[in-house]
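Student: My questions concern the predicted model and sequence given below.
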Amino acid sequence: MKVMKFGGGCLKNGGDFLKVAAIVAARKDSPVIVVSAVHGVTDLLEAGIHEAMKSEQSLLNLIEFLRKKHRNIIDETITADGLRLSVSAEIEERLGRVERLLFAVACTKEVTDSVRAQILSYGERMSALLLAAVLQDRKIEAVALAADEIGIMTDECYESATPILEEVRKNLARTVLPLVDRGVVPVITGYFGCSPDGKVTTFGRNGSDYSASVIASATDASSLEIWKDVDGFMTADPKIVRGSRRIDRLSYYEAAELSYLGAQILHPRTVEPLMASGIPLYIKNLSKPEDPGTEILNGGYEREDVVKSVSCNRKISVLRIHGPGVGFKSGIIAEIGKRLSRAGINIFSILTSQTCINLFLDKKDCRKGYESIEKMQGGVIEKVRLEEDIALISVVGEGLQKRKGVAARVFAAVAEEDVNVEMISMGASEVAYYFIVKDKDAEKTMSAVHREFF
């Protein structure tokens with residue numbers, strides 16, 4: 001049995017839904033399907049929450065826009081009158097719930113993490129209904145399933161939940177696998193699950209990738225296919241670097257490094273559930289179903305020139321915590337971590353020396369992080385400084401740690417472009433180097449390294 005996940009980039013309009021249906025229909029067995037929201041819908045729901053906190057004036061317009069967006073897809077894809085009416089009624093019922101939740105936020109002028117997660121889950125709830133109906137219209141027996149109703153159990157973290165895999169395995173054996181055995185195609189909502197007390201939790205943005213991985217692991221799938229609107233992982237971002245090309249094969253670790261701080265193709269935690277069982281993962285392009293895409297396996301291989309990809313993250317900042325003894329003071333990193341955790345801020349990475357602790361934070365969190373740590377100034381912490389005009393360059397490939405001369409080639413290529421490297425991390429990962437340059441130098445840095453190795 002195969003798990004197939006279709007992202008929002010594959011669900012933009014009726015034509016995309018028909019392409020997905022054709023791909024599913026071409027399979028001889030019954031796959032398990034996981035879906036993201038229709039393209040742009042989660043952003044609209046997020047915007048609706050922000051609008052509701054200020055005023056209720058535009059909420060009806062938002063609901064009407066969502067209604068038209070989903071109705072257009074129904075009109076473009078479903079031919080059977082009875083099926084069109086029934087799925088339209090189900091979409092309308094979900095929109096009614098969204099409307100009530102948003103007006104509740106508008107009335108109270110507050111939104112809890114639980115309510116926010118519940119509102120954002122409706123994009124996937126509606127897209128699962130749509131795709132199941134499109135498949136049914138093509139005589140494929142399919143059923144839409146909501147993650148919280150079939151037992152995708154998680155901890156109680158509402159914005160970056162972790163699944164309780166043993167519970168998920170037991171629940172899916174009861175709710176999903178019997179359907180597959182009968183030849184029914186389950187169409188499961190991605191992105192969210194539920195806490196033990198039944199409240200909706202989410203896996204964060206792009207979390208449907210992670211959902212699909214959890215489901216593949218819990219059902220002992222033969223493979224996981226993640227369908228996107230791109231060819232797969234690339235040697236560099238083709239919008240930035242000319243001559244970039246698709247990567248045929250990556251290891252779990254290479255894919256994890258690229259996803260975590262570089263390429264935005266996968267949710268950073270996607271490979272985690274697959275590693276224990278060695279389930280292969282394939283990144284496929286909806287518009288090129290015959291292409292092999294990128295294969296991600298447990299065992300990697302070393303390219304002759306070692307480097308497989310150069311990526312860039314421009315949504316990151318560095319919080320520099322200075323003091324003559326910060327690298328020696330016992331417990332200081334733990335205290336910094338506690339303060340940032342209480343503020344809901346994730347630390348991507350830490351580089352330390354005797355006189356400076358450098359924290360890599362998401363740029364959207366950097367001001368809040370600075371305010372949290374600035375209060376610690378005095379004593380061992382002399383000053384706190386924030387740098388936002390930076391870019392993090394990642395160089396990824398099996399063998400980086402053991403092959404001589406690779407680092408020299410990387411930094412010689414950068415130096416030839418007259419770019420200053422402000423910070424380097426080597427050795428923390430066996431398959432990646434990271435270094436920081438000024439944001440204005442990011443594109444020529446990527447191009448220089450890519451030219452050197454490709």
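Tutor: Nice, I can see it.
Student: As a quick check, tell me the outermost residue of the protein.
Tutor: In the chain, residue 379 marks the outermost C-alpha relative to the chain mean, sitting 39.8 Å out by Cα atoms, centre = their mean.
Student: Next up, the contacts around that one.
Tutor: For residue 379, the contact set (Cβ atoms under 8 Å, 6 or more residues apart in numbering) is empty. Glycine gets a C-beta too; all of them are placed from N, C-alpha and C.
Student: any idea how far it is from residue 178?
Tutor: Using Cβ to Cβ, to the nearest Å, one gets 62 Å for the distance from residue 379 to residue 178.
Student: Distance of the residue farthest from the centre of the chain relative to residue 271?
Tutor: Computed as Cβ to Cβ, the residue 379 to residue 271 distance reads 41 Å.
Student: cool, residue 186 as well?
Tutor: Separation of residue 186 from residue 271 (Cβ to Cβ): 23 Å.
Student: counting contacts, what elements does the one helix or strand residue 217 maps to pack onto?
Tutor: Per DSSP states H and E: residue 217 is located in helix 207-218. Packing contacts for helix 207-218, counted by 3 or more Cβ pairs under 8 Å, 6 or more residues apart in numbering; DSSP states H and E, involve strand 2-6, strand 32-35, helix 165-175, strand 185-189, strand 192-194, strand 223-228, helix 272-275.
Student: Buried residues, it. List them.
Tutor: 207-218 (16 or more other Cβ atoms under 10 Å).
Student: just the angle between that helix and helix 165-175, please?
Tutor: Between helix 207-218 and helix 165-175, the angle comes out at 80 degrees (axes from the mean of the first three to the mean of the last three Cα atoms, to 10 degrees).
Student: Using CSV, list the CA coordinates for helix 207-218.
Tutor: C-alpha atoms of helix 207-218 as CSV (Å, rounded to 0.1, in the frame of the first residue of the first chain):
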residue,chain,number,x,y,z
GLY,A,207,2.6,20.3,8.1
SER,A,208,0.7,18.0,5.6
ASP,A,209,4.0,16.5,4.5
TYR,A,210,4.6,15.5,8.1
SER,A,211,1.0,14.2,8.4
ALA,A,212,1.6,12.0,5.4
SER,A,213,4.9,10.7,6.8
VAL,A,214,3.2,9.8,10.1
ILE,A,215,0.4,8.0,8.3
ALA,A,216,2.9,6.1,6.1
SER,A,217,4.8,5.0,9.1
ALA,A,218,1.7,4.0,11.1
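Student: Specify the beta-bridge partners of residue 309.
Tutor: Going by DSSP bridges, residue 309 is paired in beta bridges with residue 396.
Student: Return the distance of it relative to residue 448.
Tutor: Counting by Cβ to Cβ, the gap from residue 309 to residue 448 is 15 Å.
Student: Same question for residue 294.
Tutor: Residue 294 sits at a distance of 24 Å from residue 448 (criterion: Cβ to Cβ).
Student: ok, the closest residue to residue 197 other than its chain neighbours - contacts?
Tutor: Distances taken as Cβ to Cβ, 6 or more residues apart in numbering put residue 156 closest to residue 197, at 7.8 Å, once the chain neighbours are dropped. Counting by Cβ under 8 Å, 6+ apart, residue 156 touches 195-197, 199, 201.
Student: What strand or helix carries residue 156?
Tutor: Assigned by DSSP H and E, residue 156 belongs to no helix or strand.
Student: quick one, phi/psi of it?
Tutor: Dihedral pair for residue 156: phi -100, psi 20, per degrees, to the nearest 10.
Student: ok, now the one 3 residues further on?
Tutor: The main-chain torsion angles of residue 159 are listed as degrees, to the nearest 10 and equal phi -110, psi -10.
Student: gap between it and residue 122?
Tutor: Taking Cβ to Cβ, one finds residue 159 at 16 Å from residue 122.
Student: So for those two, which residue has more residues nearby?
Tutor: The neighbour count for residue 159 versus residue 122, taken as other Cβ atoms under 10 Å, is higher for residue 122 (23 against 16).
Student: what's the more buried one in contact with, if anything?
Tutor: Applying Cβ under 8 Å, 6+ apart, the residues near residue 122 are 45, 94-95, 97-98.
Student: Report the buried members of those residues.
Tutor: Among those, the ones that count as buried by 16+ other Cβ under 10 Å are 45, 94-95, 98.
Student: wouldn't residue 261 be in contact with residue 346 here?
Tutor: No. Between residue 261 and residue 346 there is no contact under Cβ atoms under 8 Å: 11.8 Å.
Student: Can you list the helices and strands that the longest helix seen in the chain packs against?
Tutor: Assignment by DSSP state H gives helix 81-108 as the longest helix of the chain. Applying 3+ Cβ pairs under 8 Å, 6+ apart, one finds that helix 81-108 contacts helix 41-54, helix 59-77, helix 113-120, helix 122-137.
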